[in-house]
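*Asks:* Coordinates for the following, if possible.
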Amino acid sequence: MDNTVEPILIARPMISYAFINDILHVSIDGPSTIYDLYDFLDEIGSLHTLPDDLKVFYDLRNAVIDLRLDEISLLSKKAEEKTLNCKSVKTAFCVQDPKVTAYAMLFSWLPENSKIKREQFSTKEAALEWLNAD
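*Replies:* Down below sits the predicted model:
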């Protein structure tokens, strides 16, 4: 009998981020759950270097996300909570998948605070142009 143990590989979401030209670039590749996204927002909220006028570019073209409506609302509230100290928050979502596009649209409609603006785009260029427009 072979007693070798084979490792179990657990797929983890690849969420990476960096500030590039004063814009927070966030890339989500592969499957992500509500917990992954919630933890990510906690991590961003703990940064002490968020600018007063925060600009965020989310690249969701390779993201695989499956959320319920109440989870989208929960994520929106969490994002608002984590950016309370910012004077303005402008977020652009670059999307490709129809379901992820619908999620981004719903997420964009939820903020009640006028300092928060969210839009969806099909190209990175259009998203960055909108973020950089005054």
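
*Asks:* List the contacts of stretch 92-101.
*Replies:* Applying Cβ atoms under 8 Å, 6 or more residues apart in numbering, the contact partners of stretch 92-101 are 55-61, 63-66, 104, 107-108, 118-124, 127-128, 130-131. The way it works is simple: take the backbone N, C-alpha and C, and place the C-beta from them, glycine included.

*Asks:* Next step: those residues restricted to helices.
*Replies:* Ala104, Phe107, Ser108, Lys124, Ala127, Leu128, Trp130, Leu131 (DSSP state H).

*Asks:* So which of the residues you listed wins on neighbours?
*Replies:* Ala104 (25 neighbours; other Cβ atoms under 10 Å).

*Asks:* May I ask you to confirm that it is in contact with Leu60?
*Replies:* Yes: Ala104 lies in contact with Leu60 (Cβ atoms under 8 Å); the separation is 6.7 Å.

*Asks:* Can you name the element that comes right after the longest strand anywhere in the chain?
*Replies:* Counting residues, the longest strand found in the chain (DSSP state E) is strand 23-32. Counting by DSSP states H and E, the element after strand 23-32 in chain order, helix or strand, is helix 34-45.

*Asks:* returning to what we had before: any idea of the angle the longest strand of the chain forms with helix 34-45?
*Replies:* Relative orientation of strand 23-32 versus helix 34-45 (axes from the mean of the first three to the mean of the last three Cα atoms, to 10 degrees): 160 degrees.

*Asks:* What pairs with strand 23-32, parallel or antiparallel?
*Replies:* Strands that pair with strand 23-32, judged by DSSP bridges, come out as strand 14-20 (antiparallel), strand 53-59 (parallel), strand 63-65 (parallel).

*Asks:* so which of the ones you listed gets nearest Thr33?
*Replies:* With Cβ to Cβ, the closest approach to Thr33 among the strands paired with strand 23-32 belongs to strand 63-65: 8.1 Å.

*Asks:* Can you give me the buried ones in that closest one?
*Replies:* Within strand 63-65, the residues that count as buried by 16 or more other Cβ atoms under 10 Å are Ala63, Ile65.
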